[in-house]
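Asker: below: sequence and its predicted model.
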Amino acid sequence: MYSLGIDIGGTKCAVILGKGELTQNTEGFIIDKIQFPTNVSRGYEKIIAEIIEKGDEILLRNNVSKCDLIGVGVSCGGPLNSKTGTIHCPPNLPDWDNVTISDILSRHFGVKCVLHNDANACAVAEWRFGAGKGYNNMVFLTFGTGMGAGLILDGKLYSGTNDGAGEVGHIRLAETGPEGYGKKGSFEGFCSGGGIRNLAILTAKDYIRNNKKSILFESEKDLENLTAQSIAEAMYEGDAFAREVYEKCAEYLGRGLSVIIDILNPEAIVIGSIFERNQEFFVPLIEKIIKTEALGCNSEVCKILPAQLGDSIGDYAALGVLF
């Protein structure tokens, strides 16, 4: 019993081969993987052709027939329609307009194809075999390039009326601030890789005007090289500017978490990527905010947890939507 997982991103794509039924024990399930650059400028038809080519290749080199497959799972950024298996122009895949990816892959491989947006797929992965195991009500936050959420409510994935549930990055947390989701002061504007960089640029301009120093820049021309990672590294080296940026990010992360806690009343919020790598910094700061912003009866029953699947989460997410 084999399955294929397809992880489609704006930077890279991956084809993953799994063997057996994906249960809470993931050991030995993933047996092979092929990764390649997306190169979005070449258009979706060439990208899908390469996905199919790599799918055939991974089957051949593992001596697996299409007849041995039980299905194909696809994880991709939204907007999309999981019911029809159609991708509708995600920001990182600009020409993928009304692409019927499930039908295309199902016809080629001869099995069912299930499509979910990447935040939902990652939520399922962390819920079944990561930090969310054992919880009936769990929220997963991506906190990577962007800020999206996947919702596990009453023991099942909740994707909303048209797969629009979980777009927490669009929530406005302040009237002004860095931009994310096309909205200044949004949750994604403060809490994402791009948001942290934008927040740093805004803060750095004040530093430069006031002749304040940082190891990250001497003038505005240095600001284009800022990244969330370089700012985090400077913070751990004791840079005051970098710490100020991350403290502001933590403040708004705490505010955003408080909104989620009070609306959904989850048992756990699992957070990936930037939070996962910097949890010792974030946890004490966000706990202070949650204590003042969220209802005590709700925050007391909600654990804030780092994601456990790390760099493998995309692989398990793509395969996990089948099970």
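Answerer: Yes, it's here.
Asker: if we go by neighbour counts, what in stretch 5-16 is buried?
Answerer: For stretch 5-16, burial by neighbour count (16 or more other Cβ atoms under 10 Å) applies to 5-9, 13-16. From N, CA and C alone the C-beta is placed, and that goes for glycine too.
Asker: next: stretch 65-72.
Answerer: For stretch 65-72, using 16+ other Cβ under 10 Å, the buried residues are 69, 71-72.
Asker: kindly reformat those as a markdown table containing distance to residue 100, secondary structure and pLDDT.
Answerer: Output for these, formatted as a markdown table (distance: Cβ to Cβ, whole Å; DSSP: H, G, I helix; E, B strand; the rest coil; pLDDT from 0 to 100):
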| residue | distance to residue 100 | secondary structure | pLDDT |
| --- | --- | --- | --- |
| 69 | 19 | strand | 96 |
| 71 | 17 | strand | 96 |
| 72 | 14 | strand | 97 |
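Asker: that older thread, lowest-confidence entry in the buried residues of stretch 5-16?
Answerer: Among these, residue 9 carries the lowest pLDDT, at 89.
Asker: now it: closest residue in space that isn't a chain neighbour?
Answerer: Among residues not flanking residue 9 along the chain, residue 38 sits closest, at 6.3 Å (Cβ to Cβ, 6 or more residues apart in numbering).
Asker: go on, residue 122?
Answerer: Leaving aside its sequence neighbours, residue 122 sits nearest to residue 317 (Cβ to Cβ, 6+ apart; 4.6 Å).
Asker: quick one on the thing from earlier: the residue nearest to residue 9 touches residue 8, doesn't it?
Answerer: Yes. Counting by Cβ atoms under 8 Å, residue 38 touches residue 8, with 7.4 Å between them.
Asker: what touches both of the two?
Answerer: Taking Cβ atoms under 8 Å, 6 or more residues apart in numbering as the contact rule, residue 38 and residue 8 both touch 47, 93.
Asker: so residue 47 makes contact with residue 36?
Answerer: No. With contacts defined as Cβ under 8 Å, residue 47 does not count as touching residue 36, sitting 9.3 Å away.
Asker: what is in contact with those two at once?
Answerer: Here residue 47 and residue 36 have residue 13 as joint contacts, going by Cβ under 8 Å, 6+ apart.
Asker: of the two, who's got more company?
Answerer: residue 47 (21 against 14; other Cβ atoms under 10 Å).
Asker: relative to residue 262, how far out is the more buried one?
Answerer: 41 Å (Cβ to Cβ, to the nearest Å).
Asker: where do the helices sit along the protein?
Answerer: Assigned by DSSP state H, the chain shows helices spanning 44-61, 101-109, 118-129, 187-190, 193-209, 228-236, 240-264, 273-277, 279-293, 296-299, 313-320.
Asker: so which bits of the second one are buried?
Answerer: When neighbours are counted by 16+ other Cβ under 10 Å, the buried residues of helix 101-109 are found to be 101-102, 104-106, 108-109.
Asker: show the average pLDDT along it.
Answerer: The average pLDDT within helix 101-109 is 97.
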